[in-house]
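Asks: No sequence on hand, only this structure:
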């Protein structure tokens, strides 16, 4: 069992992520609308935390569990997570299904799902940061 994905699988991952960019950007826009700039005009710690979990996760479920945990808290921030959480979980479920389509073997499926989640979160966070930059410059490009 190799821990390296085949080039055709890597190409399929890239093609899928590129094909879903608009959906992922929409979620980044929702993150901006809900979380805004965060404290002292820095990136919201909520957005950073999601990105960190997706990048460092060893299980795809860790990303889903993070979102569910944030939604289930009793703090004021949980209300914000409840606004974006359903869309996040829906997209994560779609990524899980896509990984199952791309890879039959469970270990490969995990690697594909993590690659998809990392590409997904990069697009979501990039769009969030783009919206943040637009707000800081008054919408100038």
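Replies: Done, it's in. Everything numeric here is computed off the predicted structure, so don't read it as measured data.
Asks: C-alpha only now, for contacts and for neighbours.
Replies: Will do.
Asks: If you count residues, where's the longest helix of this structure?
Replies: Scanning the chain for the helix with the most residues, using DSSP state H, yields helix 106-136.
Asks: Please compute how far that one lies from its chain's middle.
Replies: The gap between where helix 106-136 is centred and where its chain is centred comes out at 4 Å by Cα atoms, centre = their mean, to the nearest Å.
Asks: Quick check: mean pLDDT of it?
Replies: Per-region confidence: helix 106-136 scores 94 on mean pLDDT.
Asks: mind listing what's buried in that helix?
Replies: Under the neighbour-count criterion of 16 or more other Cα atoms under 10 Å, helix 106-136 has 108-132 buried.
Asks: what's the residue closest to the geometric middle of the protein?
Replies: residue 121 (2.9 Å; Cα atoms, centre = their mean).
Asks: Can you give me every residue that contacts that residue?
Replies: For residue 121, the contact set (Cα atoms under 8 Å, 6 or more residues apart in numbering) comprises 50, 51, 54.
Asks: can you list these in JSON lines and add distance to residue 102 and pLDDT?
Replies: Putting the contacts of residue 121 into JSON lines (distance: Cα to Cα, whole Å; pLDDT from 0 to 100) gives the following:
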{"residue": "50", "distance to residue 102": "24", "pLDDT": "93"}
{"residue": "51", "distance to residue 102": "23", "pLDDT": "94"}
{"residue": "54", "distance to residue 102": "20", "pLDDT": "96"}
